[in-house]
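K.L.:
Sharing a model prediction with you, sequence too.
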4 protein chains.
Amino acid sequence: MEKRVMTVERMEALTDGLFTIAMTLLVLTIDSPRKCDILPGDALHHFLRAQWMEILNYGISFILLATFWAMHHQQFHYIRHTDKLHIWINNFFLMFIALVPFTTSLVGDYPGDWMTELYFALNMFVLGVLLLFNWVYSTGGARLTDGQLDRHVIDRGILGSLVIPLVSVAALSIQLVRPIMATYAYLLIPAFLYFFRIEQRENSL
Amino acid sequence: MEKRVMTVERMEALTDGLFTIAMTLLVLTIDSPRKCDILPGDALHHFLRAQWMEILNYGISFILLATFWAMHHQQFHYIRHTDKLHIWINNFFLMFIALVPFTTSLVGDYPGDWMTELYFALNMFVLGVLLLFNWVYSTGGARLTDGQLDRHVIDRGILGSLVIPLVSVAALSIQLVRPIMATYAYLLIPAFLYFFRIEQRENSL
Amino acid sequence: MEKRVMTVERMEALTDGLFTIAMTLLVLTIDSPRKCDILPGDALHHFLRAQWMEILNYGISFILLATFWAMHHQQFHYIRHTDKLHIWINNFFLMFIALVPFTTSLVGDYPGDWMTELYFALNMFVLGVLLLFNWVYSTGGARLTDGQLDRHVIDRGILGSLVIPLVSVAALSIQLVRPIMATYAYLLIPAFLYFFRIEQRENSL
Amino acid sequence: MEKRVMTVERMEALTDGLFTIAMTLLVLTIDSPRKCDILPGDALHHFLRAQWMEILNYGISFILLATFWAMHHQQFHYIRHTDKLHIWINNFFLMFIALVPFTTSLVGDYPGDWMTELYFALNMFVLGVLLLFNWVYSTGGARLTDGQLDRHVIDRGILGSLVIPLVSVAALSIQLVRPIMATYAYLLIPAFLYFFRIEQRENSL
């Protein structure tokens, strides 16, 4: 029986696991009222009503992680080999995925604050850049793929990855004008990929 | 070797992982007394005795998650294909599964409060509706199944999914009369499915 | 391609996942000093020195979970079928496995207190009883096995499962005399299984 | 169908899961400002600026865990059998992997303190020793491998494992002179393995 070495399949398994855990840990970004601190009745109800922003941010980050997960898998659909640099690109990508619960907690607790929005935007920006780097590095000169990919497949992958840093910058700009609206801007990422079918291969699914 | 694309199997793997983590994270809904805040002896024992409600809610939510997991798998037993909308139905289903530790923590800490009970009921209600939507969408016109299913298989799936929102509404009604009893009502979901064998296929297991 | 139904393999996968997460969550039972509450220097060093009991309990619970995991797999080595009651025995077993981080946190924070020791002992006791019930139910009349097992295989499984509740009772008795020693007693479980080779099949590994 | 017993594959699966969860839990070592305690505006910005040390330590520990994961897999590439002692070496290795979020939290919150640095160094030291022990035990007399390995394969494995305890001692020494620099020293571990190609088999990947 052939033993497994550090292959693309292994990287995908690590990635799947890490995404799943990060998505579930997001729930910890919604502060629970503690029995000892907050009395039942009006104080509790006031606390819960004030928490809609956190719950909304939970939902948005969950959708973003699900989207990144789909994008990652799409890129790895074409990637057949790996090398040391490629493994570390992926490791750094995962490092910033695992960071999402922290930056989500910041924007959920302090919506509209420029510094928390900056942290969240930086997190998304870096994720987009790493996805882009992963794609360009893997497909350039067919480095890690089986043969040269179609030009338009490569271009669509680049376009798809570019959406994330572009939207991050847009969100930061919106934040200057309408602080509270910045968070919603990130929903443009899944919307763009969904409607323009950039994330979809023709013959898959 | 065939590379994996976004298939039903992949969605099941993501779902399995997320359920397992959500079930284990439930334990965090039981507040631990902190050494620094609560002294050993009478204060501790009083704290622990007051915690039975949280432990009970932990148990109930664990049973509910195990039940939903079984129901999800049963539906996916018949689902052989997927599409974009179907993937997002599943993603939203998972978003509300990952939310269960939060709503459980609310009803565990503030049992009998109408707002916490409402949050928990809403969480269950949405999960039921998404399960129902998943089933109706997948089986309607054999959209994602291999051929048309027997009418009674479809009907049982609908009935099984309907139990959850119905019980959620019932629990909310009970809450108006006997606040503290609302939580127990949810045990009707696994009981109903267990005794009426709605969740069981004849020839499986 | 055959779709998966609720089989023994599925139960094993759920069990593996839940054990792994519970083992990793154990680390949260070791209180971290919070920057805001505890100043660097003497206060910090005093805090850390006082924490050895928690670290020790972390280690013991980790070993116990690893042991239960091995025992569970050993029983499932012989189990080839499942039924509704069997699935729920396993679900309840997992519910008490996921509870271990909570009871570990109690005995780690309040070592030698009779009530925390009782909670931990009850947790272990129930786990042992459920393992025993799982084994007796599955092997009785070859209900879930392929053919009747050797009498001595069945007996060793019973003996192995019985060790846990017996040691739990012993630990509680020790607690009455030497409160602080109770925790160490649980190490008798892996020791017993290791040295008497009860957990080992002859021809495996 | 052959049922799985406690094999090397099973140990690898447990290890993969535990590593993934520990890597994701690391994010909890970055303290989130709590809405109730810290007001938006200057107080928040001051808090966030003071948190760079924690974020940096998160990154370093993430890289270290990814490195240990690769080293573990490399050793298990050659290991084809297991025995009781070997299983427990692995269990203890995992126990100290799961401890990393705790020791990371210590050095992140109290950088430059000799006791927190000692805890972190001890954690790394023990991990290195257990990796070394795992390798020497498995390859000695071809105990758990298929045939005798090349002398230089064994030697490189030993050298690779030795790097960890050596760097831990070096970091502790640096801590005496330049407290704040100690943490960075651990980056020598992946750097050493990366540049000297000790972690790479010639014909793999």
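P.N.:
Sure, I can see it. Numbering: from 1, shown residues only, chains lettered A, B, ... in the order given.
K.L.:
Buried residues of the helix or strand that contains residue A:102, list them for me.
P.N.:
Following DSSP states H and E, one finds residue A:102 within helix A:100-109. Within helix A:100-109, the residues scored as buried using 16 or more other CB atoms under 10 Å in any protein chain shown are A:100, A:101, A:102, A:103, A:104, A:105, A:106, A:107, A:108, A:109. To be clear about C-beta, it is placed using only N, CA and C from the backbone, and glycine gets the same treatment.
K.L.:
same question, stretch A:19-30
P.N.:
Under 16+ other CB under 10 Å, the buried positions of stretch A:19-30 are A:19, A:20, A:21, A:22, A:23, A:24, A:25, A:26, A:27, A:28, A:29, A:30.
K.L.:
Can I get the buried residues of helix A:100-109 in a markdown table including distance to residue D:134?
P.N.:
Listed next are the buried residues of helix A:100-109 as a markdown table, based on distance: CB to CB, whole Å:
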| residue | distance to residue D:134 |
| --- | --- |
| A:100 | 33 |
| A:101 | 32 |
| A:102 | 33 |
| A:103 | 37 |
| A:104 | 38 |
| A:105 | 37 |
| A:106 | 40 |
| A:107 | 43 |
| A:108 | 42 |
| A:109 | 43 |
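K.L.:
Out of the residues you listed, the closest to chain B would be?
P.N.:
Checking those against chain B by CB to the nearest CB gives residue A:101 as the nearest, at 11.3 Å.
K.L.:
Which residue is the nearest non-sequential neighbour of that closest one?
P.N.:
Once flanking residues are discounted, residue A:101 sits nearest to residue A:25: 4.8 Å by CB to CB, 6 or more residues apart in numbering or on different chains.
K.L.:
Let me know the pLDDT of the one you found.
P.N.:
Residue A:25 carries a pLDDT score of 95 in this model.
K.L.:
in which helix or strand would I find it?
P.N.:
Using DSSP H and E, residue A:25 maps to helix A:8-25.
K.L.:
and residue A:80, backbone torsions?
P.N.:
Residue A:80 adopts backbone torsions of phi -110, psi -20, taken as degrees, to the nearest 10.
K.L.:
What sits closest to it if chain neighbours are left out?
P.N.:
residue A:146 (4.9 Å).
K.L.:
mind checking how far the one you found is from residue A:174?
P.N.:
From residue A:146 over to residue A:174 the distance is 42 Å, taken as CB to CB, to the nearest Å.
K.L.:
tell me the contacts of the residue located most distally from the centre of chain A?
P.N.:
Within chain A, residue A:41 marks the point farthest from the mean C-alpha position, 37.7 Å out by CA atoms, centre = their mean. If you count contacts by CB atoms under 8 Å, 6 or more residues apart in numbering or on different chains, residue A:41 has them with residue B:113.
K.L.:
What's the separation between it and residue C:72?
P.N.:
Residue A:41 sits 45 Å away from residue C:72, going by CB to CB.
K.L.:
Show me which positions of the helix or strand following the helix holding residue A:25 end up buried.
P.N.:
Counting by DSSP H and E, the next helix or strand C-terminal to helix A:8-25 is helix A:42-49. When neighbours are counted by 16+ other CB under 10 Å, the buried residues of helix A:42-49 are found to be A:44, A:47, A:48.
K.L.:
wait, does helix A:42-49 contact chain B?
P.N.:
Yes. For helix A:42-49, a contact with chain B is found by CB under 8 Å from any CB of the partner chain, at A:44, A:45, A:48.
K.L.:
Residue C:57 versus the nearest residue to the first one once chain neighbours are set aside, what's the distance?
P.N.:
The shortest distance from residue A:44 to any non-neighbouring residue, by CB to CB, 6+ apart, is to residue A:38 (5.5 Å). If you measure residue A:38 against residue C:57 using CB to CB, the figure is 30 Å.
K.L.:
do residue A:86 as well
P.N.:
Counting by CB to CB, the gap from residue A:86 to residue C:57 is 42 Å.
K.L.:
Look at the residue farthest from the centre of chain A and report its pLDDT.
P.N.:
In this model, residue A:41 is scored at 84, pLDDT.
K.L.:
how close does residue A:100 get to residue D:26?
P.N.:
Here residue A:100 is placed at a distance of 13 Å from residue D:26 (CB to CB).
K.L.:
what's the burial count for residue A:87?
P.N.:
Other residues near residue A:87 number 18, with proximity taken as other CB atoms under 10 Å in any protein chain shown.
K.L.:
Now the residue of chain A found nearest chain C. Nearest residue, chain neighbours left out?
P.N.:
Residue of chain A nearest chain C, by CB to the nearest CB: residue A:21 (8.3 Å). Distance criterion CB to CB, 6+ apart; nearest residue to residue A:21, sequence neighbours excluded, is residue D:24 at 4.1 Å.
K.L.:
With residue A:133 instead?
P.N.:
residue A:89 is the one closest to residue A:133 (CB to CB, 6+ apart), at 5.9 Å.
K.L.:
Can you tell me the element that neighbour falls in?
P.N.:
helix A:84-97.
K.L.:
Can you name every helix or strand that that helix contacts?
P.N.:
For helix A:84-97, the packing partners by 3 or more CB pairs under 8 Å, 6 or more residues apart in numbering or on different chains; DSSP states H and E come out as helix A:8-25, helix A:52-78, helix A:114-139, helix D:52-78.
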